[in-house]
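> quick one, what's the 3D model for this:
(one chain, ligands or ions: 2)
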Amino acid sequence: MTLSFKASMVGPSRVGKTTLLTAILAETETMLSGSGIALALDEATEMRIRRNRRDLRRAIEAGEFDSGSLGGSQSMFVYEVELKAAGDTLPGIPFSLLDYPGAWLDPAARAARPEAKEKWPECEAHIAESLMLLVPVEAAVLMEAVTPAQRGAVADLLGFEDVEAMARKWARARNLPEHREEPAVLVLAPLKCEKYFDDNGGKGREAARLRKLVREKYRSMIEVVQEETPDRTVRIVYAPVDTYGCVDLMEGEWITTTDDEGQPALDFQGHYRFRELPPRIRVKAAGTVMRELCRCVVSGQDRAEQRRAADARTTYSEALERKAERKGFWGAVEFYLSGESRANRNTLLASQRSLADAEARAKQLAEALRRIAATPADPRVEEW
Ligand SMILES: Nc1nc2c(ncn2[C@@H]2O[C@H](COP(=O)(O)OP(=O)(O)OP(=O)(O)O)[C@@H](O)[C@H]2O)c(=O)[nH]1
Ligand SMILES: [Mg+2]
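Ligands and ions are numbered 1, 2, ... in the order given. This next block holds a predicted model:
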């Protein structure tokens, strides 16, 4: 596994994971504009993002919102992105964001697909190493369930069983001695929630009801995370995101189907309409994700510096022991952010002049990271 800062999503098929990732990267680029720092994507990621954007554009240009127009992910994919100073030849600060078909969360579905079976251990390993667990929530399912039968179907439709199981695994890993000192953040991100807000071109007045429902329905998942992390704290962030921002839910249709065991079940199908024509995508609050990730890295960096100062006062062998611990998150903090490590790599650079340049860019990068981490949160976002 590459040395990088990791994040993972956990949510059922069609909830909006891939669209969310695309929105996160777009908003990160907006946050960085004019800063001299850019988001660099590796080749495969760039191709993937272009495809996602093309699909989105097509969906938009069709003029009629078809909630099934995006194909759904076929395989796992790790988006590799770097915060990088313009012109810097050294690696920037790398983030790896995991996406996969939501259907893979269900063990029975995995068993039926050879690719899922083969790749799932890799997904789980990524999740276990992640600083952030991002839980997208289909807001419309929560909000439009009215009858007892519909309310009863919510837990299944939102994949509670599987989402909670993964949240437990992630939390358990965060409590292990080797991860305990690392920052950790759980982000609950309601999606498809344009209709309920009045701050992004809509007239909705139901933000409070959405918050209340998410709190209520995800209480047990939050409790699971807290129970599994008795030796540390996990930051919990509530961040309703508009990935489209220019659509409104017109009608929620509840469809009678049968589940895997042939029992009657309800499915939800939202019918959305563009608010304006031609529609323009208005992403909202997706920047929260990069902001929280940068927060993690900055707090890790501060902690590593405190440790280094402490190391200077300990014996040589203790210091060596600590050094050996520096894999994973701490390894990445040291490798990408410590002035010492960057200076070592800089010795490969030919002249004194380029050395000074490289140092200036390293400083610029560290400052950008702090600036993103300190960006005021969108007013929709709350820390729970
Ligand atoms: N109205 C609305 N629709 C959305 C939003 N986000 C995603 N969608 C729609 O939801 C559908 C599913 O989105 P995807 O991003 O493909 O979902 P996914 O979670 O990646 O699905 P899998 O890859 O199958 O796991 C798409 O047709 C999107 O157009 C949103 O914020 N608002
Ligand atoms: Mg997907």
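
> tell me the mean pLDDT over stretch 84-104?
Averaged over stretch 84-104, pLDDT sits at 88.

> list the buried residues for that stretch?
84-85, 88, 90, 92-104 (16 or more other Cβ atoms under 10 Å). Glycine gets a C-beta too; all of them are placed from N, C-alpha and C.

> for the protein, longest helix please?
As assigned by DSSP state H, the longest helix anywhere in the chain is helix 287-311.

> quick one: is it near ligand 1?
No. Applying Cβ under 6 Å from any ligand atom, one finds helix 287-311 separated from ligand 1 by no less than 13.9 Å.

> run the chain-centre distance for that helix.
Distance of helix 287-311 from the chain centroid (Cα atoms, centre = their mean, to the nearest Å) equals 17 Å.

> now do the same contact list for the residue nearest the centre of the chain.
Geometric centre of the chain, nearest residue: residue 134, 4.6 Å, by Cα atoms, centre = their mean. Contact analysis of residue 134 by Cβ atoms under 8 Å, 6 or more residues apart in numbering lists 7-10, 20, 187, 189, 289.

> what count of nearby residues applies to the residue of the stretch 201-350 of the chain found nearest ligand 2?
At 11.9 Å from ligand 2, residue 243 is the closest residue in the stretch 201-350 of the chain, using Cβ to the ion. For residue 243, the tally of surrounding residues (other Cβ atoms under 10 Å) stands at 28.

> mind listing what it touches?
Contact partners of residue 243, counting by Cβ under 8 Å, 6+ apart, are 16, 19-20, 22-23, 191, 283, 286.

> make TSV from those residues and add neighbour count to it.
Listed next are those as TSV, based on neighbours: other Cβ atoms under 10 Å:
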residue	neighbour count
16	24
19	21
20	23
22	24
23	26
191	23
283	20
286	28
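
> show me these that map onto helices.
Judged by DSSP H, the contacts of residue 243 include 19-20, 22-23 as members of helices.

> when you check ligand 1, which of those turn up near it?
Within the ones in helices among the contacts of residue 243, those near ligand 1 by Cβ under 6 Å from any ligand atom are residue 19.

> looking at the ones in helices among the contacts of residue 243, which is nearest residue 160?
residue 20 (18.9 Å; Cβ to Cβ).

> you'd agree the closest one is up against residue 189?
Yes. With contacts counted by Cβ atoms under 8 Å, residue 20 reaches residue 189, the gap being 6.8 Å.

> does ligand 1 sit close to the strand or helix carrying residue 154?
Using DSSP states H and E, the element containing residue 154 is helix 148-157. No. Legend: contact between helix 148-157 and ligand 1 by Cβ under 6 Å from any ligand atom is lacking; minimum distance shown is 12.8 Å.

> quick one: buried residues of that helix?
For helix 148-157, by 16+ other Cβ under 10 Å, it's 150, 153-154, 157.

> could those residues be laid out in JSON lines, adding distance to ligand 2 and pLDDT?
Output for the buried residues of helix 148-157, formatted as JSON lines (distance: Cβ to the ion, whole Å; pLDDT from 0 to 100):
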{"residue": "150", "distance to ligand 2": "25", "pLDDT": "94"}
{"residue": "153", "distance to ligand 2": "22", "pLDDT": "93"}
{"residue": "154", "distance to ligand 2": "21", "pLDDT": "94"}
{"residue": "157", "distance to ligand 2": "17", "pLDDT": "92"}
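
> quick check: the farthest pair among the residues you listed?
By the measure Cβ to Cβ, 150 and 157 form the most distant pair in the buried residues of helix 148-157, at 9.4 Å.

> and what about the residue nearest to the centre of the chain, helix, strand or coil?
strand (DSSP: H, G, I helix; E, B strand; the rest coil).

> could you list the low-pLDDT ranges of the chain?
Scanning the chain with the threshold set as pLDDT under 70 gives 1-2, 63-71, 311-326, 339-355, 358.

> which stretches of it form strands?
Shown for the chain, the strands assigned by DSSP state E span residues 5-9, 37-41, 77-85, 93-99, 132-138, 185-191, 235-238, 247-258, 264-274, 382-383.
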